[in-house]
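> Have a look; sequence and predicted model below, questions after that.
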Amino acid sequence: MAQTPDTHYATTADGVSIAYQTVGDGPVDLALELENWGNVEIMWELEPLADLFERLSSFSRLILHDRRGTGLSGGSFFPNLETRARDLLTVLDTIRSSRAALFGERTTGAALALFAATHPDRVSSLVWFKGVATRRWSPEYPWGDTPDDHRREAAMVRDRMGSKEFGRGWLLWGAPSVAGDERLQAKVARLDRHFMAPSTAAEWIKVEGETDVTSVLPSLRCPTLVLDLEQSTTAAAESRHVQSRIPGAELALISGDPDQLPFGNRAEIAAAVREFVGRERAVDTSKSVLGSVLFTDIVGSTEQQATLGDRAWAELIGRHHAVVRDALERWRGVENDTAGDGPARAIRCALDIVNRVRDLGIEIRAGVHTGECEVMDGKHTGLAVVIGARIAAMAGPSEVLVSRTVKDLTAGSGFSFEGRGEHELKGVPDRWAVFRVVA
């Protein structure tokens, strides 16, 4: 068994401790996140994982961390994508990593894709093994599962996760040739018990069943490599679909036995990662970034100004602006064009403003959209801003409306949404599904 590196903690802005390790001293910082494995100390006890870590750390400073609510990290719930991105940023800041390559597996690649689109200046490249943009089935994404599938899976992990029986079932799915190895079953079961509690795992499955980063993929500007196995025809089709949505992304199919933990052929995987993240590339100087745009508008402003008179109206507007600016500061937003890089925070900011301006005797309407924005002279422009404004204009008094993109990216944030149908937005291509925030 490989020697376990020292574990350290990074403290987030809301006071949560995130456990992390760094291994190796190569010229590239490489942040790795695995889907079904967790606990930065116990993972080293499984020989295939330790072998993968050693291969990757031979050419990089490998960065491992436990997601909030899992492993050795603090937190009492499984985090949404936005929180995971901010936690990773905290780890990178703590170890003074100004720019890192990212390596994710299946749904963890989706979380890293959101991070890369939101913080393009902090990401040199992205490697995504078995691209999974969503676990939710749709005619456009036939590789996902139905809500009933997710409910059955959540019930199963709640009842059996951490048992040898569960470990055997996992091996039958991922590496059937060794599923009968009782020693390996016990190791997988131990890893599961130290990864997350069964109730957290059930919540994780629920969150993933509602999450979809498909709309984020066209916003990626970092060099991206999608990896899969030659023998995995169905999964490779999904990886091809994900790769096709990312501008300039490459697809590489790796030979080797898919019935090998983890990732099939670890030597080929490590070699492909090394070659891709080590390439010399020109620095991307574009000013595009994935941002969440929040628009608010005072309901009946013209009528109220006529009733109050210009002086009283100006005083009321001043108090309104003070409320908005206080809410933006609280939810880490920026005035004029954007409410920060997180859709959940944008919603919370909107709800905060809706509640507080009632004390002033006024109501607002609000709209939130997440999309690619161009940053010019410190201001955010582009189609995402137009969409946010159009959605806000559809809202009624004290309503917060959001696009499907926002809904899909905020799964696990505690919000409930009510469908408001599909709409044509003036000056915007296609029809857009709109939702009202109800909780």
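Thanks, I have the structure now.
> how about the helices in the stretch 51-200 of the chain?
In order along the chain, the stretch 51-200 of the chain carries the following helices (DSSP state H, counting those that start in this stretch): 81-94, 107-118, 147-160, 164-174, 182-195, 198-210.
> Give me whichever of those helices is most buried.
helix 107-118 (a mean of 27; mean count of other CB atoms under 10 Å). Just so you know, the C-beta spots here come from the backbone N, C-alpha and C atoms, and that holds for glycine as well.
> What about the closest residue to residue 101 other than its chain neighbours, how many residues nearby?
Computed as CB to CB, 6 or more residues apart in numbering, the closest residue to residue 101 that is not its neighbour in sequence is residue 277, at 4.0 Å. Residues contacting residue 277 under the criterion other CB atoms under 10 Å number 25.
> Which residues are in contact with residue 277?
28, 30, 60, 101, 103, 124, 125, 127 (CB atoms under 8 Å, 6 or more residues apart in numbering).
> Out of the helices of the stretch 51-200 of the chain, which is closest to residue 246?
Closest to residue 246 of those, according to CB to CB: helix 107-118, at 7.9 Å.
> The closest one versus helix 81-94: what angle between them?
Between helix 107-118 and helix 81-94, the angle comes out at 70 degrees (axes from the mean of the first three to the mean of the last three CA atoms, to 10 degrees).
> Taking helix 198-210 as reference, get the angle to helix 107-118.
Interaxial angle of helix 107-118 relative to helix 198-210 (the same axes, to 10 degrees): 60 degrees.
> thinking in terms of the whole chain, how far from its middle is helix 107-118?
For helix 107-118, the gap between its own C-alpha mean and the chain's C-alpha mean amounts to 5 Å (CA atoms, centre = their mean, to the nearest Å).
> contacting residues for the spatially closest residue to residue 111 that is not a sequence neighbour?
Leaving aside its chain neighbours, residue 111 sits nearest to residue 84 (4.9 Å; criterion: CB to CB, 6+ apart). For residue 84, the residues meeting the contact criterion (CB under 8 Å, 6+ apart) are 67, 68, 111, 115.
> picking that back up, reformat the contacts of residue 277 as a markdown table; add pLDDT.
Written out in a markdown table, the entries for these read as follows (pLDDT from 0 to 100):
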| residue | pLDDT |
| --- | --- |
| 28 | 96 |
| 30 | 98 |
| 60 | 98 |
| 101 | 98 |
| 103 | 98 |
| 124 | 96 |
| 125 | 97 |
| 127 | 98 |
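> and which of those residues is nearest to residue 248?
Checking the contacts of residue 277 against residue 248 with CB to CB, the nearest one is residue 125 at 11.2 Å.
> count of residues packed around that closest one?
Residue 125 is flanked by 22 other residues according to other CB under 10 Å.
> what about whichever strand or helix holds residue 366, distance to the chain center?
Element membership of residue 366 [criterion: DSSP states H and E] is strand 364-376. The chain centroid and the centroid of strand 364-376 are separated by 18 Å under CA atoms, centre = their mean.
> Can you name every helix or strand that it contacts?
If contacts are counted by 3 or more CB pairs under 8 Å, 6 or more residues apart in numbering; DSSP states H and E, strand 364-376 sits against strand 288-298, helix 343-357, strand 379-381, helix 383-394, strand 400-403, helix 404-409.
> if we go to 6 Å?
When contacts are defined as 3 or more CB pairs under 6 Å, 6 or more residues apart in numbering; DSSP states H and E, strand 364-376 sits against strand 288-298, helix 343-357, helix 383-394, strand 400-403, helix 404-409.
> between those, which gets nearest to residue 206?
Residue 206 lies closest, by CB to CB, to one member of the helices and strands packed on strand 364-376: helix 404-409, at 14.1 Å.
> What are the contacting residues of the closest one?
Applying CB atoms under 6 Å, 6 or more residues apart in numbering, the contact partners of helix 404-409 are 81, 212, 215, 343, 368, 370, 417, 433, 435.
> one more time with 8 Å, if that's ok
Contacts of helix 404-409 with the rest of the structure, by CB under 8 Å, 6+ apart, involve 80-82, 114, 134, 210-216, 292, 343-344, 346-347, 368-371, 417, 432-435.
> Quickly list the domain ranges of this structure.
Following automatic domain parsing, one gets these domains for the chain: 8-277, 288-437.
> Least confident of those, on average?
The stretch with the lowest average pLDDT out of the domains of the chain is domain 288-437, scoring a mean of 82.
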